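K.L.:
Dropping a prediction and its sequence here:
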Amino acid sequence: MAISVTEILGTDSLSGSRIVINDNFNILASEINSMETYFSPSAGTITNLQNLQTEALRVGLSTVRLDINASTFDIIANVNVEGGDVNLNGGGLTRNNIDPQTLDDVFASGAPITVGTSTAIPPYTVERVDNGGTGPVTIQLNHGKIGQEIFFMYSGTGGGDVDIVAAIDGLVLPGGNTITMNQQGQSVHLLCIDDGTGNGDWYIAGGTGYTIS
């Protein structure tokens, strides 16, 4: 809302305009105090707004964590939803967290391939595998985060065995310790669930064509 003050002309007496000057300062001070109900220059905060309308919003200074504009809504940070649901109405959920590297005999170079580490969970949701070599390719899967999913997809035409085993432990399989795939189109879908003590174990949630031994 616009504010207005009384103009003091160059021909006006300053002493005679004292009341007008004081009134102008009082108007400005009142408006500034009203704005500082919402804006705190010293704390650098905005609070108690009833409505905020803007074309764009960015959170983060040196590192942007949220960027909303006319064309995109980008969240570059972990998102926790507690006490509510996530509803997708009129749209879909797209997963694009695919390892750009195919885990195959060339990538392995004769050594086991580790997915994740002892201190970091597997970074990708989808892993493509293949094996055009003479011996099996072994993938050692480390612990995941409870609720995390990972897909291994045999995407190539090599036809050699790709064996998925636990790097240490935490891979729970019925009747064996190794998941094997050796044909294009085969897949295994693993879900990390709580083992009852706060640690995560990988369980098979789906897939096709794989074998367990």
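P.N.:
Looks like it arrived, so ask away. Just so it is clear, the structure is predicted and the values come from calculations on it, not from any experiment.

K.L.:
can you count the residues close to the closest residue to Met181 other than its chain neighbours?
P.N.:
Leaving aside its sequence neighbours, Met181 sits nearest to Tyr154 (CB to CB, 6 or more residues apart in numbering; 4.5 Å). (C-beta placed from N, C-alpha, C; glycine too.) By the measure other CB atoms under 10 Å, the count of residues near Tyr154 is 24.

K.L.:
do Ile113 as well
P.N.:
Neighbour count for Ile113, taken as other CB under 10 Å: 20.

K.L.:
How far off centre is the longest helix belonging to the chain?
P.N.:
The longest helix of the chain (DSSP state H) is helix 18-35. Mean C-alpha position of helix 18-35 versus that of the full chain (CA atoms, centre = their mean, to the nearest Å) differs by 48 Å.

K.L.:
same deal with stretch 168-183?
P.N.:
That offset, for stretch 168-183, works out to 29 Å (CA atoms, centre = their mean).

K.L.:
What of stretch 84-98?
P.N.:
With CA atoms, centre = their mean, you get 13 Å for stretch 84-98.

K.L.:
And for stretch 82-95?
P.N.:
14 Å.

K.L.:
show me what contacts Ala108?
P.N.:
Val137, Thr138 (CB atoms under 8 Å, 6 or more residues apart in numbering).

K.L.:
Could you report the distance from it to Val137?
P.N.:
Noted for Ala108: a distance of 5 Å to Val137, by CB to CB, to the nearest Å.

K.L.:
same question, Leu52
P.N.:
Distance, Leu52 to Val137, by CB to CB: 53 Å.

K.L.:
Can you tell me the closest non-neighbouring residue to Arg58?
P.N.:
In space, Arg58 is closest to Asp67, 5.2 Å off (CB to CB, 6+ apart).

K.L.:
May I have the strands that pair with the one helix or strand the one you found maps to, each with its orientation?
P.N.:
For Asp67, the enclosing helix or strand under DSSP states H and E is strand 66-68. Strand 66-68 has its sheet partners listed here by DSSP bridges as strand 57-59 (antiparallel), strand 73-75 (antiparallel).

K.L.:
nearest to Asp104, of those?
P.N.:
strand 73-75 (32.4 Å; CB to CB).

K.L.:
Quick check: next helix or strand after that closest one?
P.N.:
helix 105-108.

K.L.:
Now do the buried residues in that following helix.
P.N.:
Asp105, Ala108 (16 or more other CB atoms under 10 Å).

K.L.:
Stretch 150-170 too?
P.N.:
150-156, 158, 160-167, 170.

K.L.:
Just the ones of those residues in helices?
P.N.:
Per DSSP H, these never map to helices.

K.L.:
Next one: the closest residue to Val5 other than its chain neighbours from Ile8, what distance?
P.N.:
Excluding its sequence neighbours, the residue lying closest to Val5 (CB to CB, 6+ apart) is Asn24, at 4.1 Å. Distance, Asn24 to Ile8, using CB to CB: 8 Å.
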